[in-house]
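Asker: Have a look at this fold, sequence not included:
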């Protein structure tokens with residue numbers, strides 16, 4: 001009998017497109033895993049990620065970026081409890097390389113901008129019922145769902161997330177402008193010498209395509225996107241998604257997610 005592949009353990013937070021990128025990449029790379037999810041904020045209060053990274057200091061070094069971001073997710077451990085991935089890019093590299101310029105653009109501009117824009121809708125107090133529903137969706141365990149129903153706790157977490165990642169409407173508009181500029185750069189790449197990595201006609205998606213589709217998913221309106229299925233979102237965000245879908249890159253991301261990610265969800269090990 002052939003030996004069974006090791007089963008990884010992936011610590012995640014709900015609503016995170018970075019975590020979704022990591023899960024998707026592990027699936028494409030053929031890495032079985034079990035997921036231990038947290039609601040944002042709960043991963044800092046109750047999660048073990050900081051302890052794992054503190055224990056890893058000897059091998060990673062005190063100056064490691066992972067040590068400087070002790071609560072970052074996804075955090076992936078092997079079956080011996082050793083950290084094998086500190087962020088989604090470590091998982092994506094298992095699928096294949098991503099052009100450095102594009103990776104920097106996705107990591108520094110696209111990912112934060114899509115998160116900011118999405119959170120500017122979801123975290124509003126008038127959309128509190130939406131936040132409660134999508135932040136506690138499966139596989140979030142019962143004890144977290146029960147705690148998150150405490151209004152003062154939930155709104156406190158939402159307020160902190162707004163302070164850190166949304167700030168104010170002027171900041172959000174600046175993120176929209178930056179995202180628009182980034183999309184034009186990605187479109188140029190799609191039409192350039194490396195256009196083959198954006199091809200959606202095959203049976204598998206490239207690491208590049210996966211990264212773009214995952215980090216744009218909060219604004220692409222793709223079905224099955226964890227926390228971002230358009231039928232679950234507030235009206236103001238749905239309206240904005242339809243506006244973004246007029247952009248060819250966002251529409252490409254929608255198509256890629258619908259074709260490849262949803263198949264991955266059906267075949268999922270975790």
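Answerer: Right, received. Where do you want to start? All values derive from a computational prediction rather than experimental measurement. Numbers count the residues shown, from 1 in each chain.
Asker: how far does stretch 200-214 stretch from start to finish?
Answerer: 15 Å (C-alpha to C-alpha, to the nearest Å).
Asker: what do you get for stretch 52-71?
Answerer: Distance between the two ends of stretch 52-71: 10 Å, counting by C-alpha to C-alpha.
Asker: Check the gap between residue 213 and residue 183 for me.
Answerer: Per C-beta to C-beta, to the nearest Å, residue 213 is found 13 Å from residue 183. Every residue, glycine included, has its C-beta placed from N, CA and C.
Asker: Look at those two and report which has more neighbours.
Answerer: When residue 213 and residue 183 are compared for neighbours, residue 213 comes out ahead with 29 against 23, by other C-beta atoms under 10 Å.
Asker: Output the contacting helices and strands for the helix or strand hosting the more buried one.
Answerer: According to DSSP states H and E, residue 213 maps onto helix 207-220. Helices and strands touching helix 207-220, by 3 or more C-beta pairs under 8 Å, 6 or more residues apart in numbering; DSSP states H and E, are helix 17-28, helix 88-92, helix 100-105, helix 111-122, helix 235-244, helix 248-256.
Asker: 6 Å instead?
Answerer: Helix 207-220 sits against helix 17-28, helix 111-122, helix 248-256, with contacts defined as 3 or more C-beta pairs under 6 Å, 6 or more residues apart in numbering; DSSP states H and E.
Asker: quick one, which of these is nearest to residue 140?
Answerer: Closest to residue 140 of these is helix 17-28 (C-beta to C-beta; 12.3 Å).
Asker: neighbouring contacts of that closest one?
Answerer: Contact with helix 17-28 is made by 12, 33, 73-74, 88, 91-92, 95, 210, 214-215, 217-218, 226, 261, 264, as judged by C-beta atoms under 6 Å, 6 or more residues apart in numbering.
Asker: and what of stretch 246-263?
Answerer: By C-beta under 6 Å, 6+ apart, stretch 246-263 touches 24, 183, 186-187, 200, 205, 209, 212-213, 216-217, 220, 222, 224, 244-245.
Asker: All set now, cheers.
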